[in-house]
Structures are given as C-alpha cells and as structure tokens.
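Undergrad: Attaching a predicted model along with its sequence, questions to come.
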Amino acid sequence: MKQPTWVKLAAHLFLIAGSAVMLFPFIWTIATSLKDLSEVFTYPPRFVGERLKFENYSAMIERFPFFRFSFNSLKITVIVTIVQLITSSMAGYVFARLRFRFREGLFGLYLATLMIPPQVTMIPNFILMKFYGLMDTHAALILPMLVSAFGTFLLRQFFITIPDSLEEAAKIDGCTPFGIYWRIFVPLSKPAMATLGIFIIMGTWNDFINPLIFLNSMDKMTLTLGLANMQGMYSTDWPSLMAATGLSVLPIIIVFLFAQDLFVRGVTLSGLKGE
Amino acid sequence: MKLKADGTNPLNMNNPDGSNVRVMTSGVKFMKLAKPLLYRDGIWAFLMLLPNLLGFLMFVLLPVVATFVISFASWDLTSNFKFVGVDNYTHLLADETFHQVLWNTIYFTAVSVPIGIVISLFLANVLNQKLRFIRFYRAAFFIPVISSMVAVAVIWQWIYNPQYGLLNYALSWLGITGPTWLTSTKWAMIGIMITAIWKSLGFNMLIFLAGLQGISESYYEAAEIDGAKWYSKFWNITVPLLSPTTFFVTVMAIINSFQVFDTVYLMTQGGPARTTSVLVYYIYQNAFQYFQMGYASAIAYVLFFIVLMITLLQFWRQNRSNVY
C-alpha cells in the first residue's frame, strides 16, 4: 500500500512521541541515579544535577548485595531454562511422534492445565516445600519450574510439522527413537527452542511472586525480590534505588537488543496459539 | 547422522558417496527380525516422558486437586486440618472484603483492557507500513514488556510522587494540580491502570501487528480502486478481518488482568483503604499472611472458574469463526 508522504511524516511524529512515553521513564531512571540525593527533591525537577555522580553506583553496591542477588537470579534462570528446554523437547517429541497407549488422553491433560492460573497451584506447592523442608532454598523456586506444560505443548506443535520422511530414513538406518530425537529433531528445532528459551528466561528472571513466597534470607534473594526489599529499606534514597533498578533491567534489555527477532517471533507464536 | 545446515537429508538415496547401499542393506536386516526392545516406541516414550511427567504430576496436577480439596477445609498449616464442607464458599458470599476485591479486579479489567487494546491496535496500524526506524520503534514499545514489574513499579512510584514526581510536574504545565496518586483512594487504582497499560502495550501491539500482516494486500488494493478513504478501509477491511486476533488479544488481556498481583503488591500493597486490593492479592494475604489455606484455596478456585469461563468463550469463538 503506497502511503503519501504526509501520512508517513505523521506516523513518524506519532511514533516518536509514543517511543518517548515508553522510554522516558527509563531515561529518567538513569538521570535520577546520577543525581545527588538533595537534587532529587527539587521543584521543578531538574533533568541533570550539578555533576554526574557515578559514585552512586559504587555506594549502592557497597550497601546492598546487588551482585549476590544478580548471581542468584542468574543461577536460577540458567538451570530452569536448560532443564525446561530438555524436559519440554523430550516430552514434545514423545507426544508428537511416538505411539503408545494413553497418548491422546495424557496430552489432553497437559493441554487442559494450560488454562489453570498459576495461583491455583501456588498454595499446595508452598505446603509441599514446607513439608520437605525446602523453604528459603533455591530448590523451592527451581523444582516446580523444571517442567512446563506450555513448553511441552509449544515444542510438540513444532515437532508435528517436521516431515516424516526425515526420520523414516534414520529408522531404516537403525536409529533409536532417542537417536532420532537427538540427531534430527533437536537440531531442526533450534529456532523454536530459542524462542521458548527466551520466554523461560524472561519469566524466570522477572518472576516476583515465587521468590516472595519461598525466600526469606537476604543472601538467597533474587534480583526482583532484593530490589523490592531495598525499596522498603531505603524508600527515600531515590538515586541508589534508581541505580539498582537500572542495573536490574539492563541484562534483559541487552538480551532483547541482541535477539529482538526471536522475541518478536515468540510473541507472535504465543498469539498464534489462539487461532 | 548429521543434518546439513540447510536442513536437507544427507541420507538421500541419490547420495553420491554410496551411503544409499548401506541404508538399503541395514533396512532389510531389521525388517526380518522382530522389533527389538531398543526400538519400541512404548519404552522410549516412557523413558523420555518420565522426567516431564513426574514434574507435571507433582507440581501441576497434584496441586490442582489439592487446592480443590483444601478449599473445603479449614487449615492454618498446623495439625488443625478440618473439613468444613462448603463453608469457605458460603463465607465468600458474605465477605465484604472479597466483594470489594472482586469489584476492584473487575474495575481494573473493565477500564484497562479496552483502553490498552484500542491504543495498541492503533499503534499496530501505524507501524504496519514501510517505515524507516521500525525496529527502533518496535524495541521502544517492547522494552517495558520485558522489564520486571519490580523495576517498573519502582520507576512509576517515583513518577507518581505527588511533590517531586514527573507526572504532576507535567500536569502543572497544563495548569492542573495533580492528585496524590498512589495514596489517594480515588486515583490509586487509576495509577495502577496507567502503569499496567503502559507495560503491556508493546505485547498486544506485536500480536496485532502479526494479525495485520496476515491480511492480504489485495483487499486494500481493490478498495483503493473503488476510491475508498482510509477510514472506510479501516472499518470495512481491517476491523472485520482482524477480529479473530482482536478477540484473542482481548481474552488474553482479560485473563492477565484478573491475575494482576505484582503491580498492586509493589505499588500500593492493596491500599489505600483496600481500593487497589485485587483477587490475587487477597489470595496472597489469606494464604501467606493470615495462613488461612482453606479460604485462600476457595478464592483461588473462584479465580480459576472465572478464567475457565473466559477461556471457554475463546474456544467457542474458535469453533464458530470458520468464517475467515
């Protein structure tokens, strides 16, 4: 569709204004993190202070176990992402390709749980962790997230689109079902796995309610819970708070900028789920 | 066996390296024998499904049943587990806090979902043309989506600060004295809605964009030949052809709104005077602050029921919408 120049110009103006609304809070976060505490409480607000106080960052890191929190978040995210990709792809392959009794019924059960709100399983999971003495451990966060019905469903849907002919040849060649999964399905599903991986990373890194329920001690906390806690402790020290906030979103923004197309595909894929 | 990078099958029968011969002979060998254990689907299905199934049973299926059972009991996590029949559910009917919380959730959904959808639909239409810097715009709208709600909540609390916040400063340019936002019984929920819309805009926009790109250009070209104006093209082509996507986005947004928690917990703790307390926040309070597991489970099942009804609406629509 050809658009006249004025339409494009109007679109650009509109999108620039929109982008400003979206990005300005983040820019303001960085600006605030570089101000002196006294300069934060001025009216009218000033965009930059007398001097850029980069030492706010080192002061924040000294007072606040920022790296500990980041490490905890990273550890949990890496474990959950890798294991969930393995369990989801193996089960997705089984549901897509192998013949066995109860297959349809079992897959139906997985599908049915997709519409269950996570709050429904939260309470028994809490009780379970308490019973096994796993409160205030990372295991309590990791274990329930190692398996996902959504991930299994997503990869199964991808695997059924892979043509039979590829594995027929491998079967004749004496490949076991696991061999077919490992040598044919895994390499072919790299884009789908990457998309699912992005979803898992985002969900785990940004998770708040589970760390809130399961963790108590400072040295176990994830970045989200630590940040929320910090807000409670230094509620008026906006420069430090903003320094921590800015640093906490930085990794995921970097991942996003490198893999923008994967994110877009992931969202589109989740959108297609409903069609 | 390795697959080539381009996805072609190296076991191609025309393979010049002679591997086709090997394929043929081994094939004959296996056909003669009964299928050995190592090649039976059932065994591999069991082995490869086992880890997933264990996790699924333990952390999904069992809890769903357990919550249902607990919802008929009174339990504070100590040994005083007692079945009380439907008491928790009848209590819900009389509990004024629950009514307020349910009403707040509906209010939040009814206002933020339509506004969010109209804006993101508009944005997607603006973005759906050959523009420069499109990757930049898309990224700008998507960064709030990928940021954690905790970070977003910290940032917006500062923006909503009545004295030093940006929002009231901007309003003062227009000669408006801004409200106290998150501490005002009237404006706190609106503040939560603005933040929620701002955060989810990019997500809905991307799904709309995918839907728009699925509409064939030929419709618009035909309309142009007939001399249709942009607004009539929008109303008569875009809106009807996009309606499955719109319906899907709406259903997803409603479901997500009913599950809102982080925003409320972090920005207002349900206050002031419970005006921003929502269903999941009330579940959280009952379960993990008052340790009333039975009552919390009952509320969780009410939420489940609501979400189920909305999801069924989507299924019903899917089965009916073979029109397009």
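TA: Perfect, I can see it now.
Undergrad: hey, which helix or strand in chain A has the poorest pLDDT?
TA: helix A:260-272 (a mean of 74; mean pLDDT, DSSP states H and E).
Undergrad: For chain A, give me its nearest residue in chain B.
TA: Residue of chain B nearest chain A, by Cβ to the nearest Cβ: B:G55 (3.0 Å). The way it works is simple: take the backbone N, C-alpha and C, and place the C-beta from them, glycine included.
Undergrad: Give me the next element, helix or strand, following the one helix or strand that residue maps to.
TA: Using DSSP states H and E, B:G55 maps to helix B:41-56. Beyond helix B:41-56 on the C-terminal side, the first helix or strand identified by DSSP H and E is helix B:62-70.
Undergrad: correct me, but B:V86 touches B:F72?
TA: Yes. B:V86 is within contact range of B:F72, at 6.8 Å (criterion: Cβ atoms under 8 Å).
Undergrad: Any idea how many residues pack against the closest residue to the residue of chain B closest to chain A other than its chain neighbours?
TA: Nearest non-adjacent residue to B:G55, counting by Cβ to Cβ, 6 or more residues apart in numbering or on different chains: A:V147, 3.0 Å away. Counted by other Cβ atoms under 10 Å in any protein chain shown, the residues lying close to A:V147 total 23.
Undergrad: Equivalent analysis for A:V94, please.
TA: A total of 29 residues lie near A:V94 under the criterion other Cβ under 10 Å.
Undergrad: helices or strands next to whichever helix or strand it is part of in the packing?
TA: Per DSSP H and E, A:V94 falls inside helix A:66-97. The contact analysis (3 or more Cβ pairs under 8 Å, 6 or more residues apart in numbering or on different chains; DSSP states H and E) places helix A:66-97 against helix A:103-113, helix A:138-142, helix A:149-159, helix A:190-206, helix A:223-233, helix A:238-258, helix B:41-56.
Undergrad: Mind checking those helices for the one nearest to B:W173?
TA: Checking the helices and strands packed on helix A:66-97 against B:W173 by Cβ to Cβ gives helix A:238-258 as the closest, at 22.2 Å.
Undergrad: what is the rounded mean pLDDT of that closest one?
TA: The average of the pLDDT scores along helix A:238-258 is 89.
Undergrad: buried stuff in it?
TA: A:238-249, A:251-253, A:255-256 (16 or more other Cβ atoms under 10 Å in any protein chain shown).
Undergrad: Go back to these and keep what's next to chain B.
TA: Among the buried residues of helix A:238-258, the ones lying near chain B by Cβ under 8 Å from any Cβ of the partner chain are A:W238, A:L241, A:M242, A:T245, A:S248, A:V249, A:I252, A:I253, A:F256.
Undergrad: I'd like the residues you listed as CSV, with distance to A:M135 appended.
TA: Output for those, formatted as CSV (distance: Cβ to Cβ, whole Å):
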residue, distance to A:M135
A:W238, 33
A:L241, 28
A:M242, 32
A:T245, 28
A:S248, 25
A:V249, 29
A:I252, 28
A:I253, 33
A:F256, 33
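Undergrad: thinking again about what came up before, looking at B:V86 and B:F72, which has the bigger crowd around it?
TA: Neighbour count, other Cβ under 10 Å: between B:V86 and B:F72, B:F72 has more, with 17 against 11.
Undergrad: Regarding the residue nearest to B:G55, which helix or strand does it belong to?
TA: A:V147 belongs to no helix or strand when assigned by DSSP H and E.
Undergrad: Walking through the stretch 101-250 of chain B, point out its helices one by one.
TA: Using DSSP state H, counting those that start in this stretch, the helices found in the stretch 101-250 of chain B span residues B:134-146, B:149-160, B:166-173, B:188-213, B:217-225, B:230-233, B:239-258.
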